[in-house]
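Undergrad: I'd like to go over a predicted model; first the sequence, then the structure.
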Amino acid sequence: MPRRLGQHFLVRESILERLAAAACGEHIPRVIEIGPGRGALTKHLLPRTGELHAIELDAELASYLRNKFRDEPKLHIHEGNVLDADLAQWGPAVIAGNLPYYITSPVVHKFLDLDRRFDTAVFLMQREVADRIVATPGTRDYGYLTVAAQMICEVDLICKVSPEAFRPPPKVHSAGVRFKRRAQIPANVGEVLSFVSQCFERKRKTLRNNLRAAYGTRIDQFPEAGLRAEQLSIDQFIGLHQRLAGASGIS
Ligand code: SAM
């Protein structure tokens, strides 16, 4: 089995059921599953949805799944790379998956970039990335990924999973995270997040240092200038960006 595709299959039924329930509740019209593998999570998602689109990169697994679920009309297997797939093509859906860990971050960003019709995602991922996503200000794990995820979604750690729950066991611990898109997201979220990324450019430096090139000495008039990015809450990032844009006449 090519390990480079992150093929660690989850075998603990209680965790699979918890992930499916967190994604779908009792029932949801449509689900997209990323990396179905041999169908372990698929089996738990199917009774909770009317239509399941599963995207699998490995041709052998895609053909194995087509055969295994040949009597299941709700399931559509799509062979391909999730990073190239248009996730909006089937209409509104919940997104779920025991992710291949080499693409966790791009998959999370791909979900965050979708529109509000895609309100929920549940991903099993490496624990270290999950910790960064749910981190609070002032902690080591708080960074750009935290702010991007939490500006757009409410995030919950739904389970912690040890390597023994997989075959073969991965080298790292894992965790399930649920993303629920917020009702209120800044209209200029892309602009705010590129500002946040500048703020975190050199994590140990103050905002004054990180923002000097873009904003010159204007940054000095703001009380946050002496802080590091990891000390700012999401509302503080939004507020500072607004005041800096106002001070420079940019709307
Ligand atoms: N869902 C299964 C389970 O829980 O047992 C398998 C999970 S395994 C961690 C990740 C799966 O994603 C593998 O089946 C792998 O082949 C597939 N995969 C890897 N890279 C992919 C990509 N870029 N697009 C779609 N699927 C991918």
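TA: Done, it's in.

Undergrad: Going by C-alpha atoms from here, please, whenever you check contacts or count neighbours.
TA: OK.

Undergrad: which residues in this protein form helices?
TA: Applying DSSP state H to the chain gives helices spanning 13-24, 40-45, 59-68, 104-112, 127-133, 144-152, 189-199, 207-215, 234-247.

Undergrad: would you list the ones you listed in TSV and tack on distance to G97 and mean neighbour count?
TA: Written out in TSV, the entries for the helices of the chain read as follows (distance: least, Cα to Cα, whole Å; neighbours: other Cα atoms under 10 Å):
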stretch	distance to G97	mean neighbour count
helix 13-24	9	19
helix 40-45	8	21
helix 59-68	15	16
helix 104-112	10	17
helix 127-133	14	20
helix 144-152	17	22
helix 189-199	26	17
helix 207-215	36	17
helix 234-247	27	15
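
Undergrad: closest one to the ligand among those?
TA: Judged by Cα to the nearest ligand atom, the one of those that comes nearest to the ligand is helix 40-45, at 5.0 Å.

Undergrad: is the closest one anywhere near the ligand?
TA: Yes - applying Cα under 6 Å from any ligand atom, one finds helix 40-45 in contact with the ligand at A40, L41.

Undergrad: rewinding a little: wait, which of the helices of the chain is closest to R178?
TA: With distances scored as Cα to Cα, the stretch of these nearest to R178 is helix 13-24 (7.1 Å).

Undergrad: How far away from the center of its chain is the closest one?
TA: Taking Cα atoms, centre = their mean, to the nearest Å, the mean C-alpha location of helix 13-24 is offset from the chain mean by 17 Å.

Undergrad: near the ligand, anything from it?
TA: No - remark: helix 13-24 sits outside contact range of the ligand, by Cα under 6 Å from any ligand atom, the gap being at least 7.5 Å.

Undergrad: okay, that helix in PDB with CA atoms only?
TA: Output for helix 13-24, consisting of C-alpha atoms alone and laid out as PDB, is shown next (Å, rounded to 0.1, in the frame of the first residue of the first chain):
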ATOM      1  CA  GLU A  13     -16.000   1.600  15.100                       C
ATOM      2  CA  SER A  14     -16.900   3.900  18.000                       C
ATOM      3  CA  ILE A  15     -14.700   6.700  16.600                       C
ATOM      4  CA  LEU A  16     -16.100   6.200  13.000                       C
ATOM      5  CA  GLU A  17     -19.600   6.500  14.400                       C
ATOM      6  CA  ARG A  18     -18.700   9.600  16.400                       C
ATOM      7  CA  LEU A  19     -17.300  11.300  13.300                       C
ATOM      8  CA  ALA A  20     -20.300  10.400  11.200                       C
ATOM      9  CA  ALA A  21     -22.700  11.700  13.900                       C
ATOM     10  CA  ALA A  22     -20.700  14.900  14.300                       C
ATOM     11  CA  ALA A  23     -20.900  15.500  10.500                       C
ATOM     12  CA  CYS A  24     -24.500  14.500   9.800                       C
END
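
Undergrad: which secondary structure elements does it contact?
TA: Using 3 or more Cα pairs under 8 Å, 6 or more residues apart in numbering; DSSP states H and E as the contact test, the elements touching helix 13-24 are helix 40-45, strand 94-98, strand 120-126, strand 153-161, strand 174-181.
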